[in-house]
Every structure is written in C-alpha cells, then in structure tokens.
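S.K.: Predicted model, plus sequence, below.
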Protein chains: 2
Amino acid sequence: MEYAKLSPAELSSELASLRAKYDELKSQGLKLNMSRGIPCREQLDITQTMLGVISTPEECIAENGTDCRSYGVLDGIPEAKRIFSEILNIPEANIIVAGNSSLNIMYDAVARAMLYGVVGSPAPWGKQGTIKFLCPVPGYDRHFSICESLGIEMINVDLLDDGPDMDAVEALVSSDASIKGIWCVPKYSNPTGTVYSDEVVRRMANLKPAAPDFRIFWDDAYIVHALYGAPAKQANLFEEAIKAGNENMPFIFMSTSKISFPGSGVAVLAASDANIAQIKSVMTMQTIGFDKLNQLRHVRFFGNAEGVLKHMDEHAKLLRPRFEAVQTVFERDLAPAGIASWTKPEGGYFVSLDTPDGCAKRVYTLMSELGVTITGAGATFPYKKDPRDRNLRIAPSYPSVADLTKALEALCLCVKIAAIEKMQAE
Amino acid sequence: MEYAKLSPAELSSELASLRAKYDELKSQGLKLNMSRGIPCREQLDITQTMLGVISTPEECIAENGTDCRSYGVLDGIPEAKRIFSEILNIPEANIIVAGNSSLNIMYDAVARAMLYGVVGSPAPWGKQGTIKFLCPVPGYDRHFSICESLGIEMINVDLLDDGPDMDAVEALVSSDASIKGIWCVPKYSNPTGTVYSDEVVRRMANLKPAAPDFRIFWDDAYIVHALYGAPAKQANLFEEAIKAGNENMPFIFMSTSKISFPGSGVAVLAASDANIAQIKSVMTMQTIGFDKLNQLRHVRFFGNAEGVLKHMDEHAKLLRPRFEAVQTVFERDLAPAGIASWTKPEGGYFVSLDTPDGCAKRVYTLMSELGVTITGAGATFPYKKDPRDRNLRIAPSYPSVADLTKALEALCLCVKIAAIEKMQAE
C-alpha cells in the first residue's frame, strides 16, 4: 500500500500494526551490525595463503636485489609499483606504494599541504587563511573528518547519477581561490555506488581552478570491486589531466584493504612527476620506508593485475548474495509504500537509502533500540549534517545473509514507522 | 708517534708516507659502506622464522578475539602493548603500538603539534610564531631533519658523558617559552653510545619549562641494544615525570627496527593518559589502525620481554666483533698520533669519532675518493653544521669484520692525512 494514498485512519492502523511488529522484534534482543564496510570472514579467508608466501631469506629479496627485511626504498619495491601501475593504468614512475592504509596517505596528503603546500602553492595551505574543499554528497565520512579535523571548510555538492554536479563544481572552483580540493570516489562511490561517467572525469580533468594549488583527491578505493564481472570501464583521470594541461591536479589513491586484508594491505598514491617529487621530499623526513615485506607478500600472492581481478571475482561471489538481499528486501518491504529510494550498485561496499525527509535520525534511533547498528544518520555528509535528514548508508558485506536479511527487514519496518510518524506530524 | 711532538720535517715525511699508502689504497678501488646503522645480513636471518609464525585463520585472532586480518584497533593489540609495557616499564594503557617506523610516529608527533598543539598548548605550535627545539649534539640526523623540514629552529646543547648538559638545558627551557621540545636518545645514544645518568633523567623530568606545552622527545631506540649482557639500568623518565608533576612532558618512542626487521618492525609511542587521549583523537582521523598481523607476528615470535632480551643477545654476538674492531683499529692506528678521540659504547649502533677541529669534512672527502662511504661530516649536528667540523659517526654494524677493518684502516689513514694537512696550514 502506497502511504501517500492512505487516509489518516488507515495510516494510524498501519502504524499500530508496524509498532506491534517492532515491539515483537525488540523482544528478540537482536544484536546485529551493518554499520561499516567490513569484509566478512569468508572474504578474509580467501587471502589466507598470502601470509605464507614469503618465508626464507631468499624469498625476501626483491627483483632488484633489495633485501626487503632491511631499511630503504621510500616509494615501494618495483614489482609492487608494477601491479598497481597495471591496475591504475598510470606509469610506475608516478606511483608510490606505501603502508597499510590509504586513509593514512590521504590524511598525510592534506596535512602535508597544510604544513608545506603543494606544487604551485604560494604558501602552505595553513598560511593561506580559510581553506575550503568541495564534498560531493552523500560521501565518505572519513574524508569529511580529515577536513573537519584540520579546520578546512566543506561545501556540499550534489552527487548525481553520473558523478558530482559538474556545473556546480566548475562554477565554484573557478570563482573561489580558497577552494583547494574536492573529494571523489570515482567508481562504485561510497555510499551510492555511483560510477562517474567519462564526461564527468573529463570535466574534472579540465577544471580551471581559481586556486593555483587546487587538487582532486581521487579515492579509487573500489577500482576493481565489481559485483558482476569486469570492473566498469572509466576514463583515466591521470591521462585526461595531462591532456588538459592539468597534470598536477590529481592525487590518486587506492589500497588493497578490501582486496587482501583490511589493516594489513598496502596503500598506493599516484600523481604527476612534480607532485611525486614534492611528496617524496617531505615523506623522506617522515619515514625511511614502508613495510616492503608486506608489499612483497602482495606481489607473490597476486602475481599481476590479472591475478588481482581473479581474486576480486572470489570476493564478488561472497558479496553478491548480500547486495542482492538488500534489493530483495527493499523491493518487497519498502517499494510498495512509496516512501523511500535506494541505489542499485554494481560494485563497491554500500547501498545508499533515502528515507522521507526528516526521518533518517529517527530511523537510526529506532534501529539502535532494536539492537541493530547502522551507520549514523548524517555520517554521509560534512559535519554529520544531512540537510534533509534522509540519507542512510547500508553496509551489507559483513553480516551473514540471514543476519543481514533480519537487519534489513528491521530497517524497513523502522523506515515505515518513521515515515508515518512524520506524515502524521505534518 | 705523537704528531704534536713532531718537527715540521718529520710531519712532512709522515704525510708523504701516508699519501703513498693512500694512493696504493685508492688503486685497489674499494667499495665499502659504513654510513648508516643497518643490521647485517646475519642479524636479519635470526628473525627469519617470525615470518611463518602466523599462518592459519585461527592464528590471526588476538587474545581478545580481534581478527587481526580486518579493520579496527587504533592503538595496538593488547598482547603487543603488554610486551612493550614490560620493556619500557610503562603501563599498557599508556602505550600505542603503531606501524613499522618510530621515525614516522616521531615526525607525526611533531607535525601534529604544529597543526593542533599538544595538551596544554594555547594554540597549535604552527600558530605560535617561532618554535625552537634543543638538540643535544652530536645527535641523530633524522631528528634534526624533522625540525628543519617543519621550520623549527634548533639550538645545540652539548652532550656530555652522562647526557645533555643539564645546566644549559634547564637555563634555556626555563627562560624561553618558544622552546617546545628537546630530542633525546637516552640509552646508547646515536652516535656517541652515551647512557644518560639517572641524575640527568631526573633533572629532565623536573624541568620547569617556560612553555606550557614543552615536550621531551625521548627516542629510546636502543633501549635493549646492549653489547655486553643486560641492558644498562636507567631511571624511568615516565615515572620520574609523574613524581615531578610533569607527567605530560615525555613523549617516549621505541621500535623493533633493530630487534626484528628494519622496515617491517613495529613502533611504539608511550605517554601520559592525557597525551594518549589527545594523540588518539587526531590519529583516528589519520588511520583506522596499524598492521595488527605484524604486531601479532612479533608477539608470537618473542613471547614476552624476556624473549626480546634473549634475542638481543644473539644480535650482540654478531655486533660485538664489529664494535671491537673499531676499538682495535683506532687504538692501533689512531691513538699513537694523539690526534683523535672516540667513544667506547657498550650498546647501540654507533661510535662517535672526533678528529682535530676543521678536519671532518676533509676526511669525508678523502674517504669518498677511496670508495668508502661514511656518514656525511656534519650529519650529527642540526643544519648539518658541525661548528668545529670534527665529528664523524662510525656505523660498524653492516659490513663484515674484514670489510669493516679495511674501512677503518682507511679512515685512520685519512684522519692522519687531514690532521697533518691542518697542522701544516696553521
């Protein structure tokens, strides 16, 4: 039944019935968590043998003779650069293979810009007064936390079906020199699963920023994380930026956190020659080098980019039923009421759900009281402020399909309750 | 023959003889490196089996049930904290076990202070105008590089036989609120091998800084790196600072870079409750967590602090002959000339050599032309400026005893040549 077509009495009756179900569910004392994009246990197991691929002293030697057990090599061993070069389609010389966390290298990239500036900066960002970033929304909470932590003002830009609203991005970036960056998750975006179109990638590469030191923070976290076959093809920002004469504009990031082991993967930064040189000049103050043995483990386990893609097929097999459960339950329990919309990602780790305006926080609270943890309402927006209080991020990867289905059914119930409460209050 | 007692003619004759030997050596085309404190191959081999200690999924589970393959745990797994708590004699709650590099956590500690300040800061260091650090000299070049990179002014303080000149430190720190830090390597100091006396540790803990946000950067890099038996006992800065009401003053660092694998070890930060809380509040913006599998490898391999000490005995067996070669060659080739002095460390990775004033750079050049790389002259001082141009850092760990002896003999020859050249020029 479509809620908009119900009479007040019918709505009240529906709410009473939903609340009865809610109370019944509450009495079950659920303890479920679908709050974060964490691989499930089976996904971790498929990488298990990586832990044993280097064992003898001889196996610790990189192809150029470097003993990976010792100091040295700031920017990653050559064979690790090569794999990520193949995946990103960016030359090895423009790649730094770092430690276990792309969040860490993204944070460091912003912090470094605050302290030293970037290539083209007239001064460190921290000495240029107010600094602003564009934030396509809904987006990734940890990107926004970095800005908030460092006192960088965030401006919301709508994420459309083909990527950020480029009319808005172009207008803002070209008119305001205090705008120094934009956060992008170009493929299977967090939380919507959006794949930026080639046109959006090209318009991004062709931006004419008022700031001489504007950077695109291109977090390619889900570059190979397709649910159905080969990853979506996408124009190459690195190449497009060179063509546009903007080669220093992109900072490109990825990691194997959701390929091998979250917490024990390797992270990657790619950028122009000048950017790489400037980054390394500071990075060499910070560390002698990252964990090369772990880089070597990844190389020996995956072999090459093709090996990574094959491995991602195994992940997809485990993830597909979970993502499909989201669609099945939402279609069955939410669609008829006509109160919500959600995305149907073909990759990545999340589904984005929009409830009626003003309902997301209420849904979160109702879910918490049931014992089901979901990502906090507002988390997908800068300052945790969803202007319409409607967006919720669904992270289906971690629970079993059975638990996930229970959690999703509870979610639909809570969305319906919140929606009717809202309708009654208006 | 004591050079000071030689006549000009005798000196000339000696120089001619030394130069003949130098030319003969040069014709051999040496290619030796004793520039950095790098463990030798045999030292790496004794940790080899660590790479295999975790292999099955069950072996990846920490004692509190955490699956170390996945996300989470910002500050280190409990069993890793426990080992470092035993080594440092600091409560587990005051310890963060981080990634592979203590240099990285030291850099981050300074960068964080620049961007956010520390507990007690009226403003971030970066917004307090000129910031200064005290640098006991000779010291560790990478400490100084961090300051130079971040625009922190460095003030030299003499390192005496029992630690930094505390009269100078106390006078400076108590009178100048722009002095925010001091770099210390308290045990087997780099490069002198100095062990700070208990009195120095206590005076350090009892400093009355003019700055409300002064920090002691206590780099305990060689805390268990004794050459002869048990590590030197030393008063506990953490405890002494609490007694003195200065509990927030110390930032204590160590790593296993020279215990397990340089580049694939784990690094540790210890500090007061308030410091740890502030550090974690920023660190959580930077990363979800460090490599817990590698922490677990260390725990499983070493077991406990006693296991670490036993392992260090194996390192000592390999290092002792190298350190003894330094003393043997210097005693034989340098002592009679009466032109140089050097330290006799009982631990750590370095020997500090003082040539006659104004000779260190010349010795470095002479050595380079022979094909022997030593640490650059001046490297042990801020801004690479040794005011007396006399200090050279000897790093005996990496070459074989045979190669090391050759390099040391060459060094003695070069020191003698430079000394006579200097005497003749005066």
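M.R.: Alright, I've got the coordinates.

S.K.: residue boundaries of the strands in the stretch 151-300 of chain A?
M.R.: A:153-160, A:163-164, A:179-184, A:215-219, A:250-255, A:267-270 (DSSP state E, counting those that start in this stretch).

S.K.: Could you confirm whether the longest one reaches chain B?
M.R.: Read that as strand A:153-160. No. Using CB under 8 Å from any CB of the partner chain, strand A:153-160 stays clear of chain B, coming no nearer than 14.0 Å. C-beta coordinates here come from the backbone N, C-alpha and C atoms, glycine included.

S.K.: for that strand, packing partners?
M.R.: strand A:132-137, helix A:141-149, helix A:166-175 (3 or more CB pairs under 8 Å, 6 or more residues apart in numbering or on different chains; DSSP states H and E).

S.K.: List the buried residues in the second one.
M.R.: Okay, so that is helix A:141-149. A:Asp141, A:Arg142, A:His143, A:Phe144, A:Ser145, A:Ile146, A:Cys147, A:Glu148, A:Ser149 (16 or more other CB atoms under 10 Å in any protein chain shown).

S.K.: One more: stretch A:200-219?
M.R.: By 16+ other CB under 10 Å, the buried positions in stretch A:200-219 come out as A:200-207, A:209, A:211, A:213-219.

S.K.: cool, and stretch A:265-283?
M.R.: Applying 16+ other CB under 10 Å to stretch A:265-283 flags A:265-272, A:275-276, A:278-279, A:282-283 as buried.

S.K.: repeat for stretch A:231-249
M.R.: Neighbour count says stretch A:231-249 has A:231-232, A:234-238, A:240-242, A:244, A:246-249 buried, by 16+ other CB under 10 Å.

S.K.: A:Gly65: neighbour count?
M.R.: 6 (other CB atoms under 10 Å in any protein chain shown).

S.K.: ok, it to A:Ile96 distance?
M.R.: 20 Å (CB to CB, to the nearest Å).

S.K.: for A:Ser27, same thing?
M.R.: A:Ser27 sits 54 Å away from A:Ile96, taking CB to CB as the criterion.

S.K.: Looking at those two, which is more packed in?
M.R.: Just comparing A:Ser27 and A:Ile96: by other CB under 10 Å the higher neighbour count belongs to A:Ile96, 21 against 8.

S.K.: Packing partners of the lowest-mean-pLDDT helix or strand in chain A?
M.R.: Of all the helices and strands that make up chain A, strand A:32-34 has the lowest average by mean pLDDT, DSSP states H and E, namely a mean of 92. Contacts defined by 3+ CB pairs under 8 Å, 6+ apart place strand A:32-34 against strand A:372-374, helix A:401-425.

S.K.: Within the sheet, what are the partner strands of that strand, with directions?
M.R.: strand A:372-374 (parallel) (DSSP bridges).

S.K.: As CSV, the strands of the stretch 151-300 of chain A with distance to B:Val329 would be great.
M.R.: Below are the strands of the stretch 151-300 of chain A laid out as CSV (distance: least, CB to CB, whole Å):
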stretch, distance to B:Val329
strand A:153-160, 62
strand A:163-164, 66
strand A:179-184, 56
strand A:215-219, 53
strand A:250-255, 49
strand A:267-270, 45
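
S.K.: I'd like these laid out as TSV, including mean pLDDT.
M.R.: Putting the strands of the stretch 151-300 of chain A into TSV (pLDDT from 0 to 100) gives the following:
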stretch	mean pLDDT
strand A:153-160	98
strand A:163-164	98
strand A:179-184	98
strand A:215-219	98
strand A:250-255	98
strand A:267-270	98
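
S.K.: hang on, the earlier thing: most tightly packed of the helices and strands packed on strand A:32-34?
M.R.: Burial of the helices and strands packed on strand A:32-34 is given as mean neighbour count (mean count of other CB atoms under 10 Å in any protein chain shown); strand A:372-374 ranks first at a mean of 23.

S.K.: any chance of the helices and strands packed on strand A:32-34 in a markdown table, plus mean pLDDT?
M.R.: Compiled in a markdown table, the helices and strands packed on strand A:32-34 are given as follows (pLDDT from 0 to 100):
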| stretch | mean pLDDT |
| --- | --- |
| strand A:372-374 | 96 |
| helix A:401-425 | 97 |
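
S.K.: Make CSV from these and add distance to B:Tyr196 to it.
M.R.: Shown next, in CSV, are the helices and strands packed on strand A:32-34 (distance: least, CB to CB, whole Å):
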stretch, distance to B:Tyr196
strand A:372-374, 49
helix A:401-425, 56
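
S.K.: returning to what we had before: nearest to chain B, of the buried residues of stretch A:231-249?
M.R.: A:Asn248 (21.2 Å; CB to the nearest CB).

S.K.: was I right about the closest one contacting A:Asn275?
M.R.: Yes. Between A:Asn248 and A:Asn275 there is a contact under CB atoms under 8 Å: 5.6 Å.

S.K.: Quick check: neighbours shared by the two?
M.R.: Common neighbours of A:Asn248 and A:Asn275, using CB atoms under 8 Å, 6 or more residues apart in numbering or on different chains, are A:Val118, A:Val119.

S.K.: So the closest residue in space to A:Asp176 that isn't next to it in sequence versus A:Phe290, what's the distance?
M.R.: Leaving aside its sequence neighbours, A:Asp176 sits nearest to A:Ala210 (CB to CB, 6 or more residues apart in numbering or on different chains; 5.9 Å). Distance from A:Ala210 to A:Phe290, counting by CB to CB: 35 Å.
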